[in-house]
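**Q** What follows is a predicted structure for the sequence shown.
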Amino acid sequence: MSESKVAGGQPEKKLRITYVKSSIGYSTRQKATIRALGLRHLGDVVEQADTPVIRGMVHKVRHLVTVEEVA
């Protein structure tokens, strides 16, 4: 399996995002952000590229997810 590389030959950084708290009772915008991150059910785990866009999305729902940096 090949790794994604960014300019300069460095491997692309990833974020492992885990959905840990229900979005029931939170705004529809926060629910939409959870879905846009690729999370559907509690306990779901996704890996997303470490970009400013994804970091901003995670910041908006930081009370609903946990995040780990992955090489």
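**A** Cool, got the structure. Bear in mind the structure is a predicted one, so any value in this text is a computation, not a measurement.
**Q** Excluding chain neighbours, give the residue nearest to Lys31 in space.
**A** Ser23 (4.7 Å; C-beta to C-beta, 6 or more residues apart in numbering). C-beta coordinates here come from the backbone N, C-alpha and C atoms, glycine included.
**Q** likewise Thr66?
**A** Using C-beta to C-beta, 6+ apart, the closest residue to Thr66 is Thr18 (4.8 Å).
**Q** For that neighbour, give its distance to Gln10.
**A** Per C-beta to C-beta, to the nearest Å, Thr18 is found 25 Å from Gln10.
**Q** Neighbour count: those two, which is higher?
**A** Thr18 (15 against 9; other C-beta atoms under 10 Å).
**Q** quick one: that one is in a strand?
**A** Yes. Assessed with DSSP: H, G, I helix; E, B strand; the rest coil, Thr18 lies in a strand.
**Q** begin at 3 from here
**A** I'll keep to 3 as the first residue from here, and by that count the last item is Thr20.
**Q** quick one: it and Leu66 touch, right?
**A** No. If you go by C-beta atoms under 8 Å, Thr20 and Leu66 don't touch, sitting 10.0 Å apart.
**Q** related to what we said a few turns ago, who touches the residue nearest to Thr68 in this structure?
**A** Gly45, Asp46, Val47, Val67, Thr68, Val69, Glu70 (C-beta atoms under 8 Å, 6 or more residues apart in numbering).
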